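[1] Sequence plus predicted model, see below.
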Amino acid sequence: MGAILSSLFGGGSTADDSSSSEPSLVLKFHSSARWQLHFNASKETSKLLVIDFSASWCGPCKFMEPVFNDMAARFTDVDFVKIDVDELSDVSQEFGVQAMPTFVLVKKGKEVDRVVGAKKDELERKVQKHRSQSS
């Protein structure tokens with residue numbers, strides 16, 4: 001029972017990027033309940049939230065991972081979150097994700113933009129645009 005509660009409420013946002021020795025600033029969610037708590041809290045702020053919907057088997061997702069981690073390190077005024085579509089399929093369905101990687105940009109709980117595919121320049125442009133806009 002303790003392990004179940006721990007997986008629901010503890011350690012939901014881990015930086016367990018095994019491909020790098022540097023700690024990642026990207027929050028990774030492994031529980032829908034933890035994600036929902038974080039998402040609800042993000043609705044109370046005007047801070048930009050960028051969600052990376054990806055899968056462990058997806059080649060373009062692996063290509064974008066260091067790019068996404070780099071953006072998280074550079075844009076510290078933005079929340080960067082990673083969600084594995086196989087692990088949290090309910091969350092990816094909620095956001096209408098149909099291809100990977102999909103990056104959804106959210107402010108105050110509402111989608112403000114989206115990038116589908118490994119388009120690092122487009123993603124960076126949209127992050128820059130929306131992080132500087134006040135809603």
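    On my side now, so go ahead.
[2] what about Leu48, distance to Ser32?
    22 Å (C-beta to C-beta, to the nearest Å). All C-beta atoms are positioned from the backbone trio N, CA, C, and that covers glycine.
[3] Neighbour count for the two, which is higher?
    Leu48 (25 against 18; other C-beta atoms under 10 Å).
[4] residues contacting the more buried one?
    By C-beta atoms under 8 Å, 6 or more residues apart in numbering, the contact set of Leu48 is Asp77, Val78, Asp79, Leu105, Val106, Lys107, Val112, Val127, His130, Arg131.
[5] Using CSV, please lay out those together with distance to Phe95, pLDDT and secondary structure.
    CSV is the format used below for these (distance: C-beta to C-beta, whole Å; pLDDT from 0 to 100; DSSP: H, G, I helix; E, B strand; the rest coil):
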residue, distance to Phe95, pLDDT, secondary structure
Asp77, 22, 95, coil
Val78, 18, 96, coil
Asp79, 15, 96, strand
Leu105, 11, 98, strand
Val106, 9, 97, strand
Lys107, 14, 96, strand
Val112, 13, 98, strand
Val127, 17, 98, helix
His130, 16, 97, helix
Arg131, 20, 93, helix
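[6] Of those residues, which is the nearest to Val91?
    Comparing the contacts of Leu48 against Val91 with C-beta to C-beta picks out Val106 as the nearest, at 12.2 Å.
[7] and that closest one, what are its bridge partners?
    Legend: beta-bridge partners of Val106 under DSSP bridges are Leu49, Glu111.
[8] Give the burial count for it, as a bare number.
    Neighbours around Val106, by other C-beta under 10 Å: 22.
[9] Same question for Pro60.
    15.
[10] That one contacts Pro101, correct?
    Yes: with contacts counted by C-beta atoms under 8 Å, Pro60 reaches Pro101, the gap being 6.0 Å.
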